[in-house]
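Participant: okay, here's the prediction I keep looking at, along with the sequence it came from:
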Amino acid sequence: MGGLTRTERLAVVAIAAATVAAGIARYAGWAPVLAFALAAVALAGLAHVVSLATEQVGERFGPAATGVLQSTLGNLPELFVVIFALRSGQVVVAQTSIVGSLLANGLLVLGLVIVLGARRAPDGVMRFRKRLPNDTATLMLVTSFIIVLVGVAHVTGQPAARHERTISAVAAVALLGVYLAWVVPYVRGESAENPRNETRPRVALAVSIALLTAGGAGSAFVSDWFVAALKPTIASLGVSPAFAGLVVVALAGNAVENVAGLVLAHKQRSDLAISVVKNSVAQVGAFLYPVLVLISLLFAHQLTFALSPVLIAALLLTALAMWQITGDGEAVAFEGWALVALYVILAVFTLYD
C-alpha cells in the first residue's frame, strides 16, 4: 500500500473496521454506551490515520512545517465534534471539550511526559529548548486574558456582557492574528535552523493524500455518531456534561497526540516530546477555539469565550503553571506529578459540578 509497513496496513484495516462498527452501532440502535465507546475508538483511530499521512506529506516541507501541519490536521476530529455538538445544542459539551483539550494536554499529558522524560534522563532532569514552551505560554496567556475578561463580564452582569457574542467574534479574529504572527516566523526560523531532510518519504504522495482524505471524511461522519451517542451516554452513566466534555471528549479527541508525546519522552527525545504537547496546546487555544467561535456564528447555538468561573480560573492557572515549569527549559519528575495532580483535582471537581 504505497510504502506503508505491514503494521501500518493492519492498523488502517483495523481502524476501517472500527469505523464501520461505529456506523452500525449508530444506525442499528445499539446501546448508547457501546455506540459511544465504538465511536470514541474509531475517532482516535482516524486521528492516527490523519497524523500518519500528515507526517509523510510534511516530510516534503521540513520539520517545523510538519509539526504545525500535523497539529492542525490532527485536530480535525475535535473540530467536527464541537461543530456537531453545537448543531445539536450541546453548548456546554462543545465549550468544555475545547477547554478540556487545553487542560488535558497542558496538565495531564505534559505532566506525564515530564515524569517519563525526567526518569529516563541520567541525572533525573528533562531538558529541552526554551523557545516553544515560552511562546506557547504567551499564547495561553493571551487566550486566558480574553476568556477572563469575557467570563468576568458575563458572571458579574457588566454592560459588556450583553454583547459577548460580538466581543467574542472580535477577540477570535484578534487571537487568530496573534497566532499567525507567531506561527509564520516560527516555521521559517525552525526550517532555516533545521533544513528539511532530503531523503525520499517512504509513503507515496498519492497514498498519503488518499489517507488524509479518508481520515478527514471519516472523522466528520464518526464525530456525528460520537455526539449523537454522547447525550444518552451521559444520562446512562450519570456524569455531568462538563465532565463529559472536559475529560471524556477531550481525551478521546487528543488520543494520538497524547500517546505520541509519551512515546517520544520514553525514547528520550525531549525536544520533540515537548513540541508535540506544546504545539497541541497552542493550536487548540489560539487557533481552534477562535476558529470555532467564528464558525458557530452560522448556528443557532453560538460558542463564546464566556466560561464558568471554575474553568476561567483553571485556564489562567494552567497557563501560569506551564510557564513556571517549562519556561527555563528543564523539569524534574515532581513537577510533572504536580501537573497531573492539578488535572485529577479538576476532573473530580467537574464530576460533581
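Facilitator: Yep, it's here. Residues are numbered from 1 along each chain as shown.

Participant: ranges for the helices of the stretch 101-250 of the chain?
Facilitator: Applying DSSP state H, counting those that start in this stretch to the stretch 101-250 of the chain gives helices spanning 110-120, 131-156, 164-193, 205-237, 241-243, 250-253.

Participant: closest to Ala37 out of these?
Facilitator: Among the helices of the stretch 101-250 of the chain, helix 205-237 comes nearest to Ala37, with 8.5 Å by CB to CB. All C-beta atoms are positioned from the backbone trio N, CA, C, and that covers glycine.

Participant: mind listing what's buried along stretch 263-280?
Facilitator: 264-265, 269-270, 272-280 (16 or more other CB atoms under 10 Å).

Participant: now swap in stretch 107-126 and tell me
Facilitator: In terms of neighbour count (16+ other CB under 10 Å), stretch 107-126 has its buried residues at 107-118, 121, 126.

Participant: can you list these in a markdown table and add pLDDT and distance to Lys231?
Facilitator: A markdown table is the format used below for the buried residues of stretch 107-126 (pLDDT from 0 to 100; distance: CB to CB, whole Å):
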| residue | pLDDT | distance to Lys231 |
| --- | --- | --- |
| Leu107 | 91 | 27 |
| Leu108 | 89 | 25 |
| Val109 | 88 | 27 |
| Leu110 | 91 | 31 |
| Gly111 | 93 | 31 |
| Leu112 | 92 | 30 |
| Val113 | 92 | 33 |
| Ile114 | 94 | 36 |
| Val115 | 94 | 35 |
| Leu116 | 92 | 36 |
| Gly117 | 92 | 39 |
| Ala118 | 93 | 41 |
| Ala121 | 91 | 45 |
| Met126 | 93 | 41 |
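
Participant: okay if I get those as JSON lines plus distance to Leu292?
Facilitator: Conversion of the buried residues of stretch 107-126 to JSON lines gives the following (distance: CB to CB, whole Å):
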{"residue": "Leu107", "distance to Leu292": "21"}
{"residue": "Leu108", "distance to Leu292": "22"}
{"residue": "Val109", "distance to Leu292": "21"}
{"residue": "Leu110", "distance to Leu292": "23"}
{"residue": "Gly111", "distance to Leu292": "26"}
{"residue": "Leu112", "distance to Leu292": "27"}
{"residue": "Val113", "distance to Leu292": "26"}
{"residue": "Ile114", "distance to Leu292": "29"}
{"residue": "Val115", "distance to Leu292": "31"}
{"residue": "Leu116", "distance to Leu292": "31"}
{"residue": "Gly117", "distance to Leu292": "31"}
{"residue": "Ala118", "distance to Leu292": "35"}
{"residue": "Ala121", "distance to Leu292": "38"}
{"residue": "Met126", "distance to Leu292": "33"}
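
Participant: any idea how far the nearest residue to Leu34 once chain neighbours are set aside is from Val222?
Facilitator: Nearest residue to Leu34, sequence neighbours excluded (CB to CB, 6 or more residues apart in numbering): Ala25, at 6.1 Å. Here the criterion is CB to CB, to the nearest Å. By it, Ala25 lies 11 Å from Val222.

Participant: joint contacts of the two?
Facilitator: Ala39 (CB atoms under 8 Å, 6 or more residues apart in numbering).
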